[in-house]
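Peer 1: This is the structure alone, sequence omitted:
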């Protein structure tokens, strides 16, 4: 098991203690009627195996991105645990990502996981060149030999089908689609076990979107990492993923094979979502 | 408990499917019910019956695209263990789909930017066959199915319905599987192409592969099927 | 009743104690930046008040003081600071590096090797090495805590890719005791190797930024560099000091109407070298 989420919740605001029960998939919204705290993620359980590609769908505000951010430790969960790749404490008990010593936290973020954001400004440092951005991830994963870093940066720059002559250019000199590609090169350059993608192609025109999705798919096949893809676009989910989870009001309402979710949705909300497809 | 399935490849027991339409106030729509059969290696089971009787639904339920409401789908894996595909974890299904169970849809599901040859070679590459060898085997398969050589490098989206169907079949059967499900494999084919496909199915049987296929034409069923089920909608 | 008498070392004892506490903590955590309550001084912040406060907090009647600015004992700032310290402490002053027990410096390490009886106090403009790559102070602290300096390495990577080597000429980042990376103040790359395993205590004071940090005696200090790249210090080629003829020292480049001239940056070293050469002749 690569990743295991155990009853993970995220509440914004001061909770009255009953928020998780008072909100959820059957209620109107994710705001607690008693204390007005916002329940972004409500007791989600999930496991992701090696090499699996999992999609996360749901309307805006359903907690998709928050879920991803908690896995990447951009956000701390209010309750629940996230276990990754069998990490254990000195007593041999499973160690949650939230309880890692701080040095280990950045180790997991740099070595084992990568995130691709919808907004390239979140995923790339615009003060560093394209190559510098890729190098940052490689250096973070422990490499301190310049030639190896440079060669690997060039390798991944080539992998995203960019002319290597542009590797020392700065991100603002690239188009939106190219910036997404640089994010992909950066994310993959540490050979992560888990790639997290938050709306990776939203806002790109369809021809660029198709190329980037094909690229992600080809690289996943070649390198064999697991992926969690957040998207509101069922086409993207259908194209990329094997498994899909559906979120509503922070709750996981349905989880299954992607073709099953799209062709035989069980939950009323999933049926609504699938029937809204153009 | 999963009992032994007497050396069969597949045993389906009291399988039933109904759809709940929540947007229509939760009305139930009947898919099919009480489907029972066994299938051994090298056998072909034909599903026939009028449109809307639930033939495709049965195939999709076996493939787990539809979730069964009732019944068991017992499949003997290559290591001889038996798994109930109606209830096993989804990750096991992904495993089965990768190596052991194939599905040939009625309509072509193929990316517009991938050539026919690459599309057919892809399932082989996915299981680790070298790219050159995969392409060569794809070439032979397409030739065998009577696709003209000059079409190989084009996207199948530009092909005729019959050609698309044959590309689809080539893609579905090129990688070795133990069980292949086929949704109307000869539906839009002329007599000659139909014959080619039926011959191909016979070859698959000879290689020990178990097949479940939907046919409309009794003569085709007589030519390739070892057993058949006439699917009729039963009144609730 | 008021008295005009100034206490020893300008500060009252509580103020000195606070600065000493910060200094001790800095020594205990080599390379770690310790905040302190930078006092008002009779000179403006940014003119060496950090170094001055550290010096005043630890100097005693028995000490001998040397103050240099870019290696020079005679520059206006060095003279003013030295005279101020002497006026509030009455300690002996000197220009001779070996005689000094406390040396306050701006932007140079003396050429003459230091001993374990000496304390070198640096004046520091920008104590946080990460400022250049990460403006958010909360994130800087996290990066130090998790010893994550990849962003600094990226600067090295970019310079190496585009210019063949790091373009940093002064304030070259150093890793102290295999842990924290710190800013060594704007000393030239030439002086970086002298920080390593130095017998003297090295204290760094930033008055404007209210920070103190330290390198204890005999501590491992190494420049941040790729393992497959050499750390290259300034090379003056065949140039020598026009005044004393020294070649194995850091030279100042002086541009005048008749061209470029080279002189020792360390004036005490230049004087002694010149005398030795003349004596020999």
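Peer 2: Yes, it's here. Note that this is a predicted model, so its numbers are computed, not measured.

Peer 1: What separation do you get for residue C:101 and residue B:224?
Peer 2: 102 Å (CB to CB, to the nearest Å). All C-beta atoms are positioned from the backbone trio N, CA, C, and that covers glycine.

Peer 1: element containing the residue lying closest to residue B:135 once chain neighbours are set aside?
Peer 2: Nearest residue to residue B:135 in three dimensions, chain neighbours excluded: residue B:121, at 4.8 Å (CB to CB, 6 or more residues apart in numbering or on different chains). Under the criterion of DSSP states H and E, residue B:121 resides in helix B:116-126.

Peer 1: cool, and residue A:55?
Peer 2: Residue A:55 belongs to strand A:53-57, assigned by DSSP H and E.

Peer 1: which residues does residue 72 contact?
Peer 2: Answering for chain A, as no chain was given. Residue A:72 is in contact with A:109, A:113, A:115, A:196, counting by CB atoms under 8 Å, 6 or more residues apart in numbering or on different chains.

Peer 1: Actually, chain B is the one I wanted.
Peer 2: Contact analysis of residue B:72 by CB under 8 Å, 6+ apart lists B:2, B:11-15, B:84, B:86-87.

Peer 1: Using the three-state scheme, assign it.
Peer 2: strand (DSSP: H, G, I helix; E, B strand; the rest coil).

Peer 1: Look up phi and psi at the closest residue to it other than its chain neighbours.
Peer 2: Sequence neighbours aside, residue B:13 is the residue nearest to residue B:72 in space, at 4.5 Å (criterion: CB to CB, 6+ apart). When quoted as degrees, to the nearest 10, the phi and psi of residue B:13 stand at phi -120, psi 130.

Peer 1: what's the burial count for residue B:13?
Peer 2: By other CB atoms under 10 Å in any protein chain shown, the residues close to residue B:13 number 18.

Peer 1: quick one: the helices in the chain?
Peer 2: Went with chain A since none was named. Assigned by DSSP state H, the helices in chain A fall at A:19-22, A:64-71, A:102-107, A:120-123, A:130-140, A:146-159, A:176-188, A:206-223, A:234-240, A:258-263, A:268-275.

Peer 1: wrong one, I was asking about chain C
Peer 2: Ranges of helices in chain C, per DSSP H, are C:13-28, C:49-58, C:76-89, C:137-145, C:150-163, C:192-195, C:267-280.

Peer 1: In contact with residue 148, which residues?
Peer 2: Went with chain A since none was named. Per CB under 8 Å, 6+ apart, neighbours of residue A:148: A:138, C:228.

Peer 1: could you do chain C instead?
Peer 2: Contacts for residue C:148 (CB under 8 Å, 6+ apart) come out as A:106, A:110, A:140, C:142.

Peer 1: Kindly report the same for residue A:57.
Peer 2: A:64, A:231-232, A:234, A:237, A:244-247, A:261, A:273 are the contacts of residue A:57 under CB under 8 Å, 6+ apart.

Peer 1: filter those residues down to the ones near chain B?
Peer 2: With CB under 8 Å from any CB of the partner chain as the criterion, the contacts of residue A:57 include none near chain B.

Peer 1: Got a quick PyMOL command for the buried subset of those?
Peer 2: Restricted to buried positions by 16 or more other CB atoms under 10 Å in any protein chain shown, the PyMOL selection for the contacts of residue A:57 reads:
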select buried, chain A and resi 64+231+232+234+237+244+245+246+247+261+273
